[in-house]
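**Q** With the sequence up front, the predicted model follows.
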Amino acid sequence: MPDSSWLEITTAIGCPNTCACCPQDVLLAAYRGPRLMTLESFVMILDKIPNGLRIDFSGFSEPFANPSCRKMILSADKRGHPIAVYTTLVGATPGDVDAIAGIPFVEFKIHVQDRNGVCRFATGEDYRLVLARALDVIPCAGLISVGGPPDPQLCIGQDYVTYPTQSRSANVYPVQEKAGRVRCERPAYRQNVVLPNLDVFLCCMDYGLEARIGSLATQRWDQLDRRGYDICRRCERSTVDNTPLPGTPPAVAKGQKP
Ligand code: SF4
Ligand code: SF4
């Protein structure tokens, strides 16, 4: 089975974009620590994770909101990590795009603003030049949008994928909690998010920072406390699974012989 583990890097706290589908206010209220990840911290992270672990530049913010993002991507590539990038390109420069163009990205998804007004970014001439450059020089670059099809002026002739908005474990809007034992559709809770203060959280739903699984300041990747947490009960990506655990006798109803 292919390894589906990865570490998402949140390079900055406080995304420059203000998407209606994204609970940035919840994150800002919960977070304590430096707003920008330093290059030194990023190298410390690389020292704590296994060789070959996939690194995603995504997490809870636009990765290029951090001016060191280009250097972080190049450092991770130099160490041989497979790399995915999820970006709006807001904050990226043509020089950033050219510097990373030769990297064999696993994915390079560009989130463009949508025609429904769910996600609104600065989209001036400078932005359009960077967008055109990325689509030109990064072979796997592709467009995505959230909450509606892309703004037609930004995706002329391009294929795209549109995702629905989601509650992000009730961090965007309330949802009914699931009762019983829930299971994540992703295997083994090994798709985690690290913040600039090096705290690691269960996954990219956890904008409220409820499920802290450890810190890469003091622990290594394999020492993190991965398991289901209460936020999983409020997540679109979990299912209720009350099948008995291996070695557990089946439940016997009252008055019934086992
Ligand atoms: S959805 Fe992405 S780009 Fe939009 S505010 Fe959230 S982190 Fe930023
Ligand atoms: S069920 Fe949802 S909140 Fe829990 S680990 Fe999976 S994706 Fe994250």
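**A** Looks like it came in fine. Ligands and ions are numbered 1, 2, ... in the order given.
**Q** alpha carbons only for contacts and neighbour counts from here, please
**A** Will do.
**Q** so which residue of the stretch 101-250 of the chain comes closest to ligand 1?
**A** C119 (6.3 Å; CA to the nearest ligand atom).
**Q** ugh, typo on my part, it should be the chain
**A** Nearest to ligand 1 in the chain, going by CA to the nearest ligand atom, is S61, at a distance of 3.6 Å.
**Q** Secondary structure class of that residue, three-state.
**A** coil (DSSP: H, G, I helix; E, B strand; the rest coil).
**Q** ok, the nearest residue to it once chain neighbours are set aside to G80 distance?
**A** Nearest residue to S61, sequence neighbours excluded (CA to CA, 6 or more residues apart in numbering): C15, at 4.8 Å. Separation of C15 from G80 (CA to CA, to the nearest Å) stands at 28 Å.
**Q** who's in contact with the helix of greatest length in the chain?
**A** The longest helix of the chain (DSSP state H) is helix 125-137. Here helix 125-137 makes contact (CA atoms under 8 Å, 6 or more residues apart in numbering) with 89-90, 92-94, 97-98, 101, 141-142, 154.
**Q** rerun at 7 Å
**A** By CA atoms under 7 Å, 6 or more residues apart in numbering, the list of residues contacting helix 125-137 from outside reads 89-90, 93-94, 97, 101, 141.
**Q** Now the two most distant members of those.
**A** Pairwise distances across these peak at 17.0 Å for V90 and A101 (criterion: CA to CA).
**Q** who's in contact with L7?
**A** Here L7 is in contact with 54-56, 191-193 (CA under 7 Å, 6+ apart).
**Q** Please apply the same query to T87.
**A** With CA under 7 Å, 6+ apart, T87 has these contacts: 58, 62-63, 109-111.
**Q** run the last query once more with 8 Å
**A** Contacts of T87 (CA under 8 Å, 6+ apart): 57-58, 62-64, 108-111.
**Q** Keep only those of those residues that are in helices.
**A** Secondary structure defined by DSSP H assigns none of these to helices.
**Q** Distance of the residue lying closest to C184 once chain neighbours are set aside relative to L89?
**A** Here the nearest residue to C184 in space, its sequence neighbours aside, is S238; by CA to CA, 6+ apart that works out to 4.4 Å. With distances taken as CA to CA, S238 is found 31 Å from L89.
**Q** out of these two, which sits in the busier spot?
**A** With neighbours defined as other CA atoms under 10 Å, S238 and L89 compare such that L89 has more, 25 against 19.
**Q** what about the more buried one, which SS state?
**A** coil.
**Q** Ligand 2 contacts on the stretch 51-200 of the chain?
**A** 184, 186, 189 (CA under 6 Å from any ligand atom).
**Q** between the residues you listed, which is nearest ligand 2?
**A** Ligand 2 lies nearest to C184 out of these, by CA to the nearest ligand atom, at 3.9 Å.
**Q** The closest one: neighbouring residues, count only.
**A** Other residues within reach of C184 by the criterion other CA under 10 Å amount to 18.
**Q** Pretty sure it sits against V240.
**A** No - under the criterion of CA atoms under 8 Å, C184 is not in contact with V240, lying 9.0 Å apart.
**Q** Check the average confidence over the helix or strand containing D47, would you?
**A** D47 is part of helix 39-48 when elements are defined by DSSP states H and E. Mean pLDDT, helix 39-48: 98.
**Q** mind listing what's buried in that helix?
**A** For helix 39-48, the buried set under the neighbour-count rule, 16 or more other CA atoms under 10 Å, comprises 39, 41-42, 45-46.
**Q** For the residue nearest the centre of the chain, give me its contacts.
**A** The geometric centre of the chain, computed from its C-alpha atoms, lies nearest to G59 (CA atoms, centre = their mean), at 3.3 Å. Counting by CA under 8 Å, 6+ apart, G59 touches 8-10, 193-194, 204.
**Q** Narrow the contacts of helix 125-137 to those in strands?
**A** Members of the contacts of helix 125-137 lying in strands (criterion: DSSP state E): A141.
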